[in-house]
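S.K.: no sequence on this one, just coordinates:
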């Protein structure tokens, strides 16, 4: 699974093949780097499924969970250029967040 992150623009995710797990989080950030995170939704996406997110409810992670089916190949559409603005990366286990500079993809997986 990818690290939990925001996009600050609309996003659509659709697996073309395989099974992709998608988690949407309710997040509250604090200036000191702490974050309150609660799992809002979790779905195993298969071809034909689509998840869409719109800020401010765009905090999510996605990827493949071993044992849920074949690895996915997914189409991800973004509503803006990720090289234009800052976004955030979250760690639900630690209850923290950090800023990602424009274009920074963040950590690859957790």
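M.R.: Arrived safely. As the structure is a computational prediction, the values presented were derived from the model and not from experiment. Residues are numbered from 1 along each chain as shown.
S.K.: rest of the way, CA atoms for contacts and neighbours
M.R.: Fine.
S.K.: what about residue 23, neighbour count?
M.R.: By other Cα atoms under 10 Å, the residues close to residue 23 number 19.
S.K.: contacting residues for the closest residue to it other than its chain neighbours?
M.R.: In space, and not counting its chain neighbours, residue 23 is closest to residue 42: 4.4 Å by Cα to Cα, 6 or more residues apart in numbering. For residue 42, the contacting residues are 21, 22, 23, 24, by Cα atoms under 8 Å, 6 or more residues apart in numbering.
S.K.: now render these as TSV, adding secondary structure, pLDDT and distance to residue 89.
M.R.: Formatted as TSV, those follow (DSSP: H, G, I helix; E, B strand; the rest coil; pLDDT from 0 to 100; distance: Cα to Cα, whole Å):
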residue	secondary structure	pLDDT	distance to residue 89
21	strand	95	18
22	strand	96	16
23	strand	96	14
24	strand	97	13
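S.K.: now a PyMOL select for only the buried ones of those.
M.R.: Those of the contacts of residue 42 that count as buried under 16 or more other Cα atoms under 10 Å are selected in PyMOL with:
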select buried, resi 21+22+23+24
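S.K.: adding distance to residue 87, write the contacts of residue 42 out as CSV.
M.R.: Putting the contacts of residue 42 into CSV (distance: Cα to Cα, whole Å) gives the following:
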residue, distance to residue 87
21, 22
22, 19
23, 18
24, 16
